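Q: I need the structure of the sequence given here:
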Amino acid sequence: MTESSPLLTRAERTALGKDRRAAVPREAHAAWKPGAQRDPMAVLAQGDVGRVPDLVPLRYARMGENPFAFLRGAAAVMAADLVGAPMAGLTVQACGDCHIGNFGVYLSPEGRVMFDINDFDETLPGVDFTVDVKRLAASVAVAALVIAKADPDKARKAARASVGAYRAHMRDLADLAPLACWKSRIDIDHELARLADTDLRERIVRDIDKGLMADGKPNVDVPLLDPATRNGPPETWRIAEKRPTVFRTTSRGDGSYVADARAALERYPEGLSAERRLLAARYALRDVAFKVVGIGSVGTVCAVGLYTDADGAPLFLQIKEAKDSVLAPLVLDAGAAPSGGQRVVDGQRIMQAASDLFLGVARSEESGRCYYVRQLKNRKLSSVAELLEESGPKPYAQLCGTTLARAHARSGDVAAIAGYLGGSDVFDEAIADFAMAYAQQTLADHGLLCGRTSAASAG
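A: Numbers count the residues shown, from 1 in each chain. Here you go, the predicted model:
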């Protein structure tokens with residue numbers, strides 16, 4: 001990962017970034033063509049190895065809903081497509097699955113409403129900053145076409161707007177001292193004020209209040225509780241099963257995955273820092289159930305642990321299997337990168353402005369699986385579909401681009417990246433061209449998946 005050298009001034013590092021344009025012109029990022037041997041279905045099938053067999057069909061069913069859903073589940077496909085693509089040679093801690101559905105609102109440990117990236121399953125250090133930017137822009141283009149029903153011109157403008165916001169904020173951050181840059185936040189009130197639609201802005205504010213807070217307290221997913229146990233003592237509380245997404249045994253009666261997650265959760269507090277271990281010790285683990293989440297994660301081992309204190313205050317912790325990042329083939333700076341759950345935890349702490357108090361690693365000695373643990377996600381600001389349909393794709397795309405710049409600035413050489421990007425829209429236009437080309441490929445890939453699924457069903 002490129003680090004700022006204390007021996008080089010901001011101006012010198014900016015000049016180094018500008019010099020990178022000679023080796024990799026900004027216009028070069030516009031080009032993308034599928035390789036002759038490209039087979040997205042084979043890449044997806046390779047990612048099925050090690051997943052819970054019962055859930056693999058659900059994964060493809062979710063990806064088949066529309067091209068945006070396909071893109072969400074196909075991070076490995078896009079990573080493979082970017083092998084050999086032009087790279088600026090300026091590395092960061094990459095999100096890895098940087099689509100617009102992986103941004104949202106959550107509460108910081110201090111109770112502040114934050115807007116940030118909120119999924120780090122594929123995070124990895126030593127990756128060129130353009131990898132995340134290209135995935136974000138492509139996701140904006142696909143979502144604009146598919147969800148917002150925008151025409152290609154508006155979709156391209158939205159993708160370009162996400163890159164323009166990234167470039168502008170990176171240049172702003174380059175003027176800050178390292179500590180000020182690290183402490184920067186995305187002010188959600190300021191960003192909401194930019195929405196021209198007053199009714200939409202007010203609805204989102206109400207949505208934040210309803211989704212993140214209840215009676216002045218952080219909102220927890222109490223509906224997960226089985227109502228049949230809710231009136232009993234806390235030690236008897238159980239998570240309600242809701243097949244096919246919440247269960248204790250698979251359809252084949254296999255309860256080993258839940259047992260493995262429980263074993264890892266029981267050891268998880270050992271790896272926490274002293275003060276967080278003290279906090280965790282105030283809760284007792286009452287129940288564990290498998291919980292299917294997302295699209296790309298479907299089939300990996302994901303579970304929820306129900307905890308309470310002696311008085312019945314609930315806490316839900318999510319435990320997710322941490323596989324190797326799909327970005328591994330794209331690493332430019334192959335330093336000593338962490339693996340397993342530590343890779344995800346480190347990446348989240350580096351990129352997020354404020355991270356979960358309970359974020360930590362876990363490992364099952366029985367299976368050898370590596371996990372990471374965090375609180376079950378707060379409800380997001382609003383669904384991507386709602387935001388795009390009501391406000392249009394451009395405002396949300398800009399917010400996500402600004403947020404990504406802040407996240408990258410914490411690990412990359414912000415002055416060098418800003419120098420490479422420059423003050424003109426050359427980079428914005430190039431990535432917008434790439435985004436539209438990749439959006440069309442995604443629509444074709446989604447059609448291929450649906451065709452194969454229909455053929456398999458008919459057979």
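Q: is Gly126 in contact with Pro329, as I believe?
A: No. Using Cβ atoms under 8 Å, Gly126 is not in contact with Pro329, being 11.9 Å away. (Glycine included, C-beta is placed from N, CA and C.)
Q: who's more crowded, the two?
A: Gly126 (21 against 12; other Cβ atoms under 10 Å).
Q: nearest residue to that one in space, ignoring adjacent ones along the chain?
A: Spatial nearest neighbour of Gly126, chain neighbours left out: Asp333 (3.6 Å); criterion: Cβ to Cβ, 6 or more residues apart in numbering.
Q: with Tyr257 instead?
A: Val301 (5.2 Å).
Q: do the same with Gln352
A: Gln352's closest residue in space is Asp116 (Cβ to Cβ, 6+ apart), at 5.2 Å.
Q: now do the end-to-end distance for stretch 28-37.
A: 22 Å (Cα to Cα, to the nearest Å).
Q: what mean pLDDT does it have?
A: Computed over stretch 28-37, the mean pLDDT rounds to 92.
Q: and if you look at stretch 170-184?
A: Stretch 170-184 comes out at a mean pLDDT of 95.
Q: just the buried positions in that stretch, please.
A: Met170, Arg171, Asp172, Leu173, Ala174, Cys181, Ser184 (16 or more other Cβ atoms under 10 Å).
Q: swap in stretch 328-343?
A: Buried residues in stretch 328-343 (16+ other Cβ under 10 Å): Leu330, Val331, Asp333, Ala337, Gly340, Gly341, Gln342, Arg343.
Q: gap between the two ends of that stretch?
A: Termini of stretch 328-343 sit 12 Å apart (Cα to Cα).
Q: please apply the same query to stretch 265-285.
A: Start-to-end, stretch 265-285 (Cα to Cα) is 8 Å.
Q: same deal with stretch 32-51?
A: 31 Å.
Q: contact partners of it?
A: Stretch 32-51 is contacted from outside by 56, 59-60, 73-74, 76-77, 80-81, 85, 298-300, 323, 326, 434, 437-438, 441, 445, 448-449, 452, using Cβ atoms under 8 Å, 6 or more residues apart in numbering.
Q: how about a cut-off of 6 Å?
A: Val56, Ala76, Val77, Ala80, Gly299, Thr300, Phe434, Ala437, Asp445 (Cβ atoms under 6 Å, 6 or more residues apart in numbering).
Q: looking at those residues, which is nearest Phe358?
A: Set against Phe358, the nearest of the contacts of stretch 32-51 by Cβ to Cβ is Thr300 (19.7 Å).
Q: residue contacts, that closest one?
A: Contacts of Thr300 by Cβ under 6 Å, 6+ apart are Arg51, Glu321.
Q: against Ile117, how distant is it?
A: Going from Thr300 to Ile117 by Cβ to Cβ, to the nearest Å gives 19 Å.
Q: gap between Ala439 and Glu27?
A: Ala439 is 19 Å from Glu27, by Cβ to Cβ.
Q: looking at those two, which is more packed in?
A: Ala439 (27 against 14).
Q: can you pull the pLDDT of the more buried one?
A: Confidence score, pLDDT, at Ala439: 98.
Q: dump the residue contacts of it.
A: Ala141, Val142.
Q: could you list the buried residues of the strand or helix carrying it?
A: In this structure, Ala439 sits in helix 426-458 according to DSSP states H and E. Buried residues in helix 426-458, counted by 16+ other Cβ under 10 Å: 426-439, 441-443, 445-446, 449-450.
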